[in-house]
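**Student:** Here's a sequence, model it:
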Amino acid sequence: MKGTHIHKSHNVSYILYHFVCPIKNRRKVLWNKKRQEDLQAICSEIEENYEIHFLEIGADRDHVHFLLQWVPDESPKNMIQKIKSITGRLMFERNSELRKELLWSKFWTSWYYVNTVWRYGSEDTIRNYVKNQWKEKTYEMIHKSQLTLM
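**Tutor:** Predicted coordinates for the structure are as follows:
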């Protein structure tokens, strides 16, 4: 199922998210292979219990990149909170010395970065698809806006 569309009874989706999660105080705690393997194993357990698919996990010692896919019935915020909560708790359980290294703090910062990842092309590709999908050329643009930061 990884890397494919998710088929449910009333919808089909293919949404990928790129999350970046820094470790608390930017501590470089993912330097050893065992901890990286523990994080990967925890993410595999999350996959088994939730409709979340980890397409890629990349550790850069003080932060982690996740490429994720899930059924779009939960917001990105809820999903990342769930992932951070479970991984943080289990990383401490499996690596008790981490508490000292992180100064008895949480595993993750409250901050994260999220972005959607395009499989089928750019914004222009999607606009052209929508514009040209009708056999009869009856398409009329009703609204067009630029992306803005809130």
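
**Student:** from here on, contacts and neighbour counts on C-alpha atoms
**Tutor:** Fine.

**Student:** and stretch 95-113, what's its mean pLDDT?
**Tutor:** Averaging pLDDT along stretch 95-113 gives 88.

**Student:** I'd like the distance from it to the chain centre, please.
**Tutor:** 20 Å (C-alpha atoms, centre = their mean, to the nearest Å).

**Student:** Kindly check the end-to-end length of it for me.
**Tutor:** 26 Å (C-alpha to C-alpha, to the nearest Å).

**Student:** Report how many residues lie close to residue 51.
**Tutor:** 13 (other C-alpha atoms under 10 Å).

**Student:** let me redo that: residue 43
**Tutor:** Neighbours around residue 43, by other C-alpha under 10 Å: 20.

**Student:** ok, and what's touching whichever strand or helix holds it?
**Tutor:** Residue 43 belongs to helix 33-49 when assigned by DSSP states H and E. With contact meaning C-alpha atoms under 8 Å, 6 or more residues apart in numbering, helix 33-49 is reached by 30, 52-54, 57, 59, 83, 86-87, 90-91, 94-95.

**Student:** what does stretch 102-119 give?
**Tutor:** Here stretch 102-119 makes contact (C-alpha under 8 Å, 6+ apart) with 15-25, 27, 76, 84, 88-89, 91-92, 99.

**Student:** Mind giving me the PyMOL select for those, buried ones only?
**Tutor:** Only the buried entries of the contacts of stretch 102-119 go into this PyMOL selection, using 16 or more other C-alpha atoms under 10 Å:
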select buried, resi 15+16+17+18+19+20+21+22+23+24+27+76+84+88+91
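
**Student:** picking that back up, can you list which of the contacts of helix 33-49 are found in strands?
**Tutor:** Using DSSP state E, the members of the contacts of helix 33-49 that fall in strands are 52-54, 57, 59.

**Student:** thinking again about what came up before, A ChimeraX selection for the contacts of helix 33-49, restricted to the buried ones, would help me check which they are.
**Tutor:** Buried members of the contacts of helix 33-49, defined by 16+ other C-alpha under 10 Å, are picked up in ChimeraX with:
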select :30,52,53,54,57,59,87,90,91
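
**Student:** Now distance to residue 108 and pLDDT too, for the ones in strands among the contacts of helix 33-49, in CSV please.
**Tutor:** Below are those laid out as CSV (distance: C-alpha to C-alpha, whole Å; pLDDT from 0 to 100):
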residue, distance to residue 108, pLDDT
52, 19, 88
53, 20, 88
54, 18, 89
57, 15, 89
59, 13, 80
